[in-house]
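Asker: Make a model of this:
(3 chains)
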Amino acid sequence: MIRWTSRVKFLFLLPAVLWVLTFTIFPLGYSIYLSFHNVERQVVVSGREQVPVLDAAGNPVLRPDGKPRTRTEVQRELQTTFTWNQFANYARAFRDEQVWNAVRVTGTFVLVGVTTQILLGLALAWLFNRNIVARGFLRSIMILPIFATPIAIGYLFFTIFYEVGGPLSWTGVPWLSNPNWALTSVIIVDIWQWTPFCFLVFLAALQGIPDEMLESARLDTSSEWDLWRYVILPMLLPVIAIVLLLRLAEALKLFDIVATLTKGGPGIATQSYTYYAFNVGFKLNDFGYASAMAFLLLIVVMVIVTLFFRRLRQSYE
Amino acid sequence: MRIGKTLLCGAAAVALGMSGALAGEYVDWLDDGRVVLKLGPNYDNATIETTREELGGLFGPDEKPFEGATITVLTLDSGPKGGISGPITAFRPVWEELSGGKLDIALVPITDLYAKMMLDLRQGTGLYDSIIVGAFFYGDLIAGNYIVPIDDYMASGDFPQWTYDSMPPSLKNLHTWKGVGYGVLNDADGQVLYYRRDALTNPEHQAAFKAEYGYDLPVPPATWQQLLDISRYFAGKNWDANDPDPDHGTVLHLKVGEQGHYHFQSLSAPFAITPGDKVDQFHNVYWFDPTNMKPLINSPGHVAALEFLQELHKTGPAAQVGWSLGEAWDYFLRGKSVFVFSWGDVGSLCQDTSRSKIQGNCAAAILPSSDKYWNHETQAWVETDSPQKVGNTTGGSWHGVISAFSQNPEATYSFLSLMAIKPVSIWNANNGWTGVDPGFYYQFLEPQGEATLDDYVKAGWNADDVKDYLQAYYENFTAPTMLTYLRIEGAPEYWDIMDKNLSAAMAGQKTAQQALDDTAKTWEEITERLGRDKILQQYQDAIGYQP
Amino acid sequence: MSEEAPRQDLVRRRSLADAWWSLVAIAVAMLFFFPIYWAVSTSLRRPADTFTVSGVGIPWVHFTPTLDNWLLEMSQPESFRAFTNSTVISLSAVTIALLLGLPAAYALARFKFFRVPNKDITVWFLSQRVLPPVATAVPFFIAFSTLELLDTRLALIVCTATFILPFVVVIVRQTFFDLPIELEEAALVDGASYLSAFLRVAVPLAMPAIAAAALIMFAFSWNEYLFAVILTIKGAATMPVHIAGGADTRGVQFWFVAVRSLIAMIPPVLLALLAQRYIVRGLTLGAVKG
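Answerer: Just a heads-up that it's a prediction; the model follows:
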């Protein structure tokens, strides 16, 4: 008899669960631990001595004068002390102007960027849903940005935004040298890369709407706008929600483009949260503070996910 | 990026090899004690002549003193024919043949070097035997006891022979800590002024300049204030015939997270340093008060310098707020600006005609001084008619140190010192692509040094350009007053916040005063966090302050 | 290329309006294509022309193209190594993710879990995707450096596999769920084990979804930078690390960066074009079927 509750189910599920637990929950836990501690590392070289150099067979290697060759062997010890620092790293984060600035930058980036991508995506989906020429080919072209390496895109757009003779210099816009424009430029790059994603998904959803439904709706209204407003958009809403969630999650991680396009500048005008936290950890070697900042971001992300949770659970019913 | 054919060619080496001496693939041992190092076909079969004596006691025709040893050197990556990493790659086979050992080169982007190094040292993984460091890493390296003194190796006579005496004191300071040697000679960094010889000496412009500003156009400018006048004069005029558009005055590389803050350091030095005979609480200090670690960075001298830099910025393209080195240099090389002040790379890039339109017109001079400076003791401005030259060692002066975790410190030192012997060092300076900029006495022209104009011209330099260039560097490194170098623990963090604030000031987000006040405030926080007493002690040691 | 047949209700005669809209669509596509075109154009210019080319940099019209950058870049062993590393790491990570993820997806679709409901497990997997990478970067670094696995492909493979695993679980689960259960039940009645019902019946039927998952996982692994830059030095450096390394003491070498970017784009773009109809399903984690 088939029992879909058989214990064999654990054999199917557990490897993946254990893998993810090992490689995310453990590091995350350690990260939180770090964020509450001051880490002092000291490497103590406890001794150096001359030892003979041995060849592959284990015999000492001799110098031409017959003396054995020696090399220095170093005894070293890594002493690490963790001191509980209460909430010092968190307190520092709340006092740190750069954190608040990063929140503002990331917030603007996410809100403006994602909103534009979704609206543009909808508009393009509408456009491509019409009876246009070479639709398949044009759609293929639109796919390309999604798969371009973000780190490369930063450099690439640096040459495009080049203000003295670049392809956009005729606009006279200070793309990268003005703080406000620099953030706009970062957003434009993200829009370029991710609008196609929204567009593709919306187009697919649009084409998934049954014909009969559209036909009958057309009988009720002659206005294209009303058709969208009252029939199509409501039907797309679940898809828009998914796209919104996925884009929010990715946009909050903004890092690569900033790293190669603006380096967070001018000043700290485009320093995103992830970019700042990364640099604190991996450029300035302050793991504790970086972990605290990362954990704060995690809380924000969790809140967002929870807000979408109900919606999400339904799509995975 | 080569700037011409290198010294001797393969034929000479073959001829030498036939004289009966011992010829290897990369090293020829001649009977008369001379030794020829050959870089092989990847480097145009360049050869460098040294002697057995100079190579030290360990190396010899029948010796393979480090057979079986593998050492790893961590360095910034500019490719096998780029700055700093290039010469290391070039001399690898030479050392491998001499030593019998194997050399691994770990390459990382320049912006990641400090992080990669510190991660390795702090974790004690010991991946690298040597790290090619910038001098601003020293605070961390010394505080953590991460590097090994080299004085004993130098004195032993076993290793290739070089000496700190070939360095001007300003550079020697960067390689040592409290009189103990750690760094092995390689590169010398400092910013000098590059200007367009043709534009500044053009009689028409000289006359027009005099009419407008009331004094003779000084070539080169002696003070920043004069430089600003000249910049303003040339900005917006089409004085360069390479394109039909108007050109600019001074071009700067101001991008945040790059090397923009160095501009401020070298420019502000003559405004903000009170010259004196020795380092005390008020004289020859720039960063902090050496008695209590209070930041000096927002002193009126520093603020005035930043306001000056903001003015100077207006004579260049507005876009330079987002430019790093490459873009700014490119602009000067294309003939679009009359001034740039930067590192030695510009001098050699000027000679590279695939990128430069100004070979022969690329003049250089020590950076201007200022006709007023801030006196930290009297807390007042001092106006002067005879401004004192202030030199700088701004930049990395990239050179090798030995990791405390190295299991092969002798082998490691033998490689680093091979790169430091005089003929190699001269060869590096001659060939601009190596990124090794001149600074050691013998690299300068006679009578200041031992190099000849011919060596440089053969390597592709324009004679006028290189004379200026070497003179500029000589004056810079031997200037009576020097900008002290920040070598304390956490220096990258101190600089990081300064850099961000400077960038905000240059982009017009903050006033000069505000930007430097904010910097000072954060510096105090960093000092408190790291421990004021500890940092103060390091700072005093680093600048040679005696309480 | 495109396979969606024109829908009946839209196959009216192409009106004048549609002709106009076609022009708009072409313009939009050109706009989105421009940066990629610009990369091609930059890669064909001499370094000195990087910033000075006039107009939109059309080869032969605005400048004389050269293949020097391409030839020089191709001759560097580092480029070859980075490409190989990226390929090996991405393929291995995708393989591991599939090996672990497919059974899990199957379990979530077919079996019933009581203590934690299936959908919560699914959403838990999904939430791994939203995890900010900086939060795990530090411990990952410490762990791998303790194990002396820095700069090895293994470290990146493990890391990448973890972050792409949610894709396969979430995407393929839905497909398994939609498959008629009767086929597997028939196999089980015939005496097949659960494993062979899974391998011989369910997996082949879910191939389109598996392809979608694999495609998207490959693209994400290939383009991942943050972990790659932390965990590698040179030996295991991937294409994105190699591209970012285009900056040296003399600034960014945009001409090489352009070449590297284009090389880096080729595999994921090629895959995406070949498997176009799976993209939407992949990108939305199976929530929208293309």
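Asker: Name the SS class of the residue of the stretch 1-150 of chain B found nearest chain C, please.
Answerer: Nearest residue of the stretch 1-150 of chain B to chain C, counting by C-beta to the nearest C-beta: B:Ser78, 3.6 Å away. C-beta: built from backbone N, CA, C; applies to glycine. Put simply, B:Ser78 is coil when judged by DSSP: H, G, I helix; E, B strand; the rest coil.
Asker: cool, and C:Gly57?
Answerer: C:Gly57 ends up coil, using three-state DSSP.
Asker: Report the contact partners of it.
Answerer: Taking C-beta atoms under 8 Å, 6 or more residues apart in numbering or on different chains, we find C:Gly57 in contact with A:Pro167, C:Trp38, C:Ser41, C:Thr42, C:Arg45, C:Phe63.
Asker: Contact partners for the second one?
Answerer: In this case it means C:Trp38. A:Leu156, A:Thr159, A:Ile160, A:Pro167, C:Val56, C:Gly57.
Asker: pLDDT and distance to A:Asp286 added to those residues, as a markdown table?
Answerer: Putting these into a markdown table (pLDDT from 0 to 100; distance: C-beta to C-beta, whole Å) gives the following:
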| residue | pLDDT | distance to A:Asp286 |
| --- | --- | --- |
| A:Leu156 | 90 | 32 |
| A:Thr159 | 88 | 34 |
| A:Ile160 | 91 | 35 |
| A:Pro167 | 87 | 40 |
| C:Val56 | 76 | 45 |
| C:Gly57 | 77 | 43 |
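Asker: Which helix or which strand is home to the residue in the stretch 251-400 of chain B that chain C sits nearest to?
Answerer: Ranked by C-beta to the nearest C-beta, the top residue of the stretch 251-400 of chain B for proximity to chain C is B:Gly326, at 1.9 Å. Per DSSP states H and E: B:Gly326 is located in helix B:325-333.
Asker: Pull up the pairing partners for whichever helix or strand comes after that helix, direction included.
Answerer: Downstream of helix B:325-333, the first helix or strand assigned by DSSP H and E is strand B:337-342. Here strand B:337-342 has these sheet partners by DSSP bridges: strand B:192-196 (antiparallel), strand B:248-251 (parallel).
Asker: and the contacts of C:Gly57 as TSV, adding secondary structure?
Answerer: Shown next, in TSV, are the contacts of C:Gly57 (three-state DSSP):
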residue	secondary structure
A:Pro167	coil
C:Trp38	helix
C:Ser41	helix
C:Thr42	helix
C:Arg45	coil
C:Phe63	strand
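Asker: Where does confidence bottom out across the residues you listed?
Answerer: By pLDDT, C:Phe63 ranks lowest within the contacts of C:Gly57, coming in at 83.
Asker: so how far is chain A from B:Ile526?
Answerer: Applying C-beta to the nearest C-beta, to the nearest Å, the value for B:Ile526 to chain A is 10 Å.
Asker: residues near the residue of chain C found nearest chain B, how many?
Answerer: Nearest residue of chain C to chain B, counting by C-beta to the nearest C-beta: C:Gly251, 1.9 Å away. Neighbour count for C:Gly251, taken as other C-beta atoms under 10 Å in any protein chain shown: 22.
Asker: Number of residues surrounding the closest residue to it other than its chain neighbours?
Answerer: Closest residue to C:Gly251 apart from its sequence neighbours, by C-beta to C-beta, 6 or more residues apart in numbering or on different chains: B:Gly326 at 1.9 Å. Using other C-beta under 10 Å, B:Gly326 has 24 other residues around it.
Asker: ok now do B:Gly326, which residues does it touch?
Answerer: C:Arg250, C:Gly251, C:Val252, C:Gln253, C:Phe254.
Asker: What separation do you get for it and chain A?
Answerer: Where chain A is concerned, B:Gly326 sits at a distance of 10 Å (C-beta to the nearest C-beta).
Asker: Equivalent analysis for B:Val256, please.
Answerer: Taken as C-beta to the nearest C-beta, the span from B:Val256 to chain A is 3 Å.
Asker: now that residue, nearest residue through space, not along the chain?
Answerer: B:Val256 sits nearest to A:Gly265 (C-beta to C-beta, 6+ apart), 3.1 Å away.
Asker: can you check B:Lys178 too?
Answerer: Nearest to B:Lys178 is B:Asp541, by C-beta to C-beta, 6+ apart, at 5.4 Å.
Asker: low-confidence ranges in the chain?
Answerer: Here I'm looking at chain A. Scanning chain A for pLDDT under 70 picks out the ranges A:1-5, A:42, A:63-65, A:309-317.
Asker: Let me rephrase: I mean chain B.
Answerer: In chain B (pLDDT under 70), the answer is B:1-21.
Asker: and if we set it to 50?
Answerer: Applying pLDDT under 50 to chain B picks out residues B:1-20.
Asker: For the residue most central in space within chain B, identify the helix or strand it belongs to.
Answerer: Nearest residue to the geometric centre of chain B (C-alpha atoms, centre = their mean): B:Asp189, 1.2 Å. Using DSSP H and E, B:Asp189 falls within no helix or strand.
Asker: Make sure it is actually in contact with B:Thr394.
Answerer: Yes - counting by C-beta atoms under 8 Å, B:Thr394 is a contact partner of B:Asp189 at 6.6 Å.
Asker: residues in contact with the residue nearest to the centre of chain B?
Answerer: Contacts of B:Asp189 (C-beta under 8 Å, 6+ apart): B:Trp343, B:Gly344, B:Thr393, B:Thr394, B:Gly395, B:Gly396, B:Ser397, B:Trp398, B:Asp437, B:Gly439.
Asker: what's the closest of the residues you listed to A:Leu254?
Answerer: B:Gly396 (30.1 Å; C-beta to C-beta).
Asker: can you pull out the helices in the chain?
Answerer: You didn't pick a chain, so chain A it is. A:8-20, A:26-35, A:88-95, A:97-128, A:135-147, A:150-160, A:179-207, A:211-220, A:224-226, A:233-251, A:256-261, A:273-282, A:287-315 (DSSP state H).
Asker: wrong one, chain C
Answerer: Using DSSP H, helices in chain C cover C:16-43, C:68-74, C:77-110, C:118-130, C:133-146, C:153-178, C:181-189, C:194-196, C:203-205, C:207-223, C:226-231, C:239-244, C:254-274, C:279-283.
Asker: buried set for the fourth one?
Answerer: For helix C:118-130, the neighbour count (16 or more other C-beta atoms under 10 Å in any protein chain shown) marks C:Asn118, C:Lys119, C:Ile121, C:Thr122, C:Val123, C:Phe125, C:Leu126, C:Ser127, C:Gln128, C:Arg129, C:Val130 as buried.
Asker: Quick one: neighbours of the residue nearest to C:Arg45 when sequence neighbours are not counted, just the number.
Answerer: Leaving aside its chain neighbours, C:Arg45 sits nearest to C:Phe63 (5.6 Å; criterion: C-beta to C-beta, 6+ apart). C:Phe63 has 18 neighbouring residues, counting by other C-beta under 10 Å.
Asker: Looking at strand pairing, list the partners for C:Phe63.
Answerer: Beta-bridge partners, per DSSP bridges, of C:Phe63: C:Pro59.
Asker: how close does it sit to chain A?
Answerer: From C:Phe63 to chain A the distance is 13 Å (C-beta to the nearest C-beta).
Asker: Isn't that residue up against C:Val53?
Answerer: Yes - when contacts are counted by C-beta under 8 Å, C:Phe63 is listed as touching C:Val53 (5.2 Å).
Asker: any shared contact partners between those two?
Answerer: C:Arg45.
Asker: My understanding was that the residue nearest to B:Val256 contacts B:Lys500; is that so?
Answerer: Yes - using C-beta under 8 Å, A:Gly265 and B:Lys500 qualify as a contacting pair, with a distance of 7.5 Å.
Asker: what do those two both touch?
Answerer: A:Gln271, B:Val256.
Asker: Least confident of the contacts of B:Gly326?
Answerer: Confidence-wise, C:Arg250 trails the rest of the contacts of B:Gly326, at 66.
Asker: Can you spell out the domain ranges of chain B, please?
Answerer: B:7-55, B:192-393+B:482-517 (automatic domain parsing).
Asker: Just send the ones you listed back as a markdown table, with distance to C:Asp18 too.
Answerer: Below are the domains of chain B laid out as a markdown table (distance: least, C-beta to C-beta, whole Å):
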| stretch | distance to C:Asp18 |
| --- | --- |
| domain B:7-55 | 61 |
| domain B:192-393+B:482-517 | 42 |
